[in-house]
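*Asks:* Give me coordinates for this.
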Amino acid sequence: MANMGMAIDLRRCAGCYACVVACQMHNNTKPGVAWGNVEACEWGEDPDNRRCYLPHACMQCEDAPCVNACPTSASYVRDDGIVMVDYDECINCGSCIHACPYGARIQNDVEGNYFDTAEQAPYEAEGIQRTHVVEKCIFCAGRLDAGLQPACVQNCPGNARYFGDLDDPESPVSVFISKNDPVQIRNTHFYYMPVDGMPKNLLPHAEVQTVANKGVDSKPADPGIPLPAAIGAVAVAAAAGAGIAVGVKNQRDNKAEVETKGGEGHE
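*Replies:* So this is what the prediction gives:
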């Protein structure tokens, strides 16, 4: 089974935001909703100060805290390691936002259209329509299934992004890693090749964040560390407030098991 990952060569990133726009267009996000971002990073002092641009989105954690925090199993991991979101199951409780140590999830409560128009433009009406859910980068999973590269990779004019199967030594990302020795973000499927002299602490790293959501502040878990009880309590409370108990997940699993057993011996 594939193990999908991405590497970004910061030496080639010009901060043009083409990756962000391509992502928004392909994934039909609402105004103000972006699954990725590009930051300007600076270090040093005049006259030796330096600057580079840092694109970042979901790090695709190996043991994703957002998946552990989700009370309805809307967040889950595909067999190829991509952390996905089932929008039909998402109840917009925000538990995953609190759990994410990279601030990579965004709550979509936007009802309007671009340019404040009364009707959607033709390009806005394409694809899946989402609102009142929490969204994130999914490595353009639909494009991957069709044999294509993620939109951000295909549309990067500087060719700064490398993507593919980390377990395939001949994939673009594996070849880049073998030749350049980039920095892997701990317990994730993401790698960065820093600009010469760039302090490593400027790269994305898991950190405790306080995120205001639904009037509640809580602290996320580090990747690979069990979810704190406080976060679990927030998830339970949010799910109950929405009229959905955490037991929904178990009920759905049990139902599937019963249906499977009941269907044994039938064609």
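
*Asks:* Report the contact partners of the closest residue to Val77 other than its chain neighbours.
*Replies:* Nearest residue to Val77 in three dimensions, chain neighbours excluded: Val83, at 5.5 Å (CB to CB, 6 or more residues apart in numbering). Placement of C-beta: from N, CA and C, glycine included. The contact partners of Val83, taken as CB atoms under 8 Å, 6 or more residues apart in numbering, are 58, 60-61, 64, 66-67, 75-77, 136, 138.

*Asks:* and of these, the nearest to Glu42?
*Replies:* The closest of the contacts of Val83 to Glu42 turns out to be Cys58 (CB to CB; 24.7 Å).

*Asks:* Do I have it right that that closest one meets Asn37?
*Replies:* No - with contact defined as CB atoms under 8 Å, Cys58 does not reach Asn37; the gap is 11.1 Å.

*Asks:* Compare those two (neighbour count), which wins?
*Replies:* Counted by other CB atoms under 10 Å, Cys58 and Asn37 do not tie: Cys58 has more neighbours, with 25 against 15.

*Asks:* Next, the contact list for the more buried one, please.
*Replies:* The contact partners of Cys58, by CB under 8 Å, 6+ apart, come to 35, 83, 100, 102, 104-105, 136-138.

*Asks:* at 10 Å what do you get?
*Replies:* 35-36, 64, 66, 82-83, 85, 100, 102-105, 135-139, 188-190 (CB atoms under 10 Å, 6 or more residues apart in numbering).

*Asks:* same thing with Val38?
*Replies:* So Val38 contacts 13-20, 53-57 (CB under 10 Å, 6+ apart).

*Asks:* and it, what are its phi and psi?
*Replies:* Reported as degrees, to the nearest 10, the phi and psi values for Val38 are phi -130, psi 120.

*Asks:* That one bridge partners, please.
*Replies:* Beta-bridge pairing of Val38 under DSSP bridges involves Pro55.

*Asks:* Same check on the one 4 residues further on?
*Replies:* The bridge-partner assignment for Glu42, based on DSSP bridges, gives Arg51.

*Asks:* List the ones among the contacts of Val83 that fall in strands.
*Replies:* 75-77 (DSSP state E).

*Asks:* Can you give me the neighbour number for Leu54?
*Replies:* 20.

*Asks:* Who are the contact partners of it?
*Replies:* With the criterion set at CB under 10 Å, 6+ apart, Leu54 makes contact with 8, 10, 13, 15, 37-41, 192, 194-195, 198, 202-204.
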